[in-house]
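S.K.: sequence unknown, structure follows:
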């Protein structure tokens, strides 16, 4: 059964949903998570965060290739393998318009809040969350057969929000995460972060006031 507790050098863990497969792989010196999303009906695959270790990512992708690479935000640990994966697969790239200039691989598709990224017949909503970086995004799969699934990059982790460097950045991130995620999504929502283990909205909701008090 899937639990998302992957380790660098270890195998991927696969969350088998009714229409979508979510494969989680831990890579690189910063224990980044990259995610391969596969539509079960069409076989279309999308990669989220080509963070490091391109050979292992290519093994995860397999012979079917990918239709798109989404980078959740501009921090270098999330795109170290991006140029290599683009060269090997020919896949176009996507990132939020506000972070694309900070990613040294050209961005083909500029994302904005409310856009849709299609994984075959499985649409993912782009949610813009400002604070960790200006153009961080989460990707929401509102599963018609079960609870929602949310890839959060470095904006939401088990036990807290992503790192911010200024008080106004924390206020922005807290406002966006509470307003666009916690106020909207049910407790059963599964959360896939950019590093470390998975969580759910229900597990994290009781801690919101503590996060605001400590400012991270």
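M.R.: Here it is on my side, so go on. Predicted model, so just to flag it, every value in this text is computed and none were measured.

S.K.: quick one: pLDDT of the residue most central in space within the chain?
M.R.: In the chain, the centroid-proximal residue (CA atoms, centre = their mean) is residue 151; its distance is 3.7 Å. On pLDDT, residue 151 comes in at 99.

S.K.: can you give me phi and psi for it?
M.R.: When quoted as degrees, to the nearest 10, the phi and psi of residue 151 stand at phi -90, psi 120.

S.K.: likewise residue 93?
M.R.: Note on residue 93: backbone dihedrals following degrees, to the nearest 10 are phi -120, psi 150.

S.K.: Relative to residue 82, how far out is it?
M.R.: As judged by CB to CB, to the nearest Å, residue 93 and residue 82 stand 7 Å apart. Where C-beta positions appear, they are placed from N, C-alpha and C, glycine not excepted.

S.K.: if I look at those two, which residues touch both of them?
M.R.: Taking CB atoms under 8 Å, 6 or more residues apart in numbering as the contact rule, residue 93 and residue 82 both touch 69, 71, 103, 105.

S.K.: Give me the buried subset of these.
M.R.: 69, 71, 103, 105 (16 or more other CB atoms under 10 Å).

S.K.: and those, which two are the farthest apart?
M.R.: Farthest apart among those by CB to CB are 69 and 103. That separation is 10.7 Å.

S.K.: Identify the contacts common to those two.
M.R.: Shared contacts of residue 69 and residue 103 (CB under 8 Å, 6+ apart): 82, 93.

S.K.: Let me see the mean pLDDT of the host helix or strand of residue 176.
M.R.: Using DSSP states H and E, residue 176 maps to helix 167-177. Helix 167-177 carries an average pLDDT of 98.

S.K.: between residue 93 and residue 82, who's got more neighbours?
M.R.: The neighbour comparison of residue 93 against residue 82 (other CB atoms under 10 Å) goes to residue 82, with 25 against 22.

S.K.: where does that one fall, phi/psi-wise?
M.R.: In terms of degrees, to the nearest 10, the main-chain angles of residue 82 are phi -60, psi -50.

S.K.: Just confirm it contacts residue 94, I think it does.
M.R.: No - the criterion here is CB atoms under 8 Å, and residue 82 misses it with residue 94 at 11.1 Å.

S.K.: shared neighbours of these two, which are they?
M.R.: Residues touching both residue 82 and residue 94 (CB under 8 Å, 6+ apart) are 69, 71.

S.K.: got any ranges where this structure has weak pLDDT?
M.R.: Within the chain, no stretch has pLDDT under 70.
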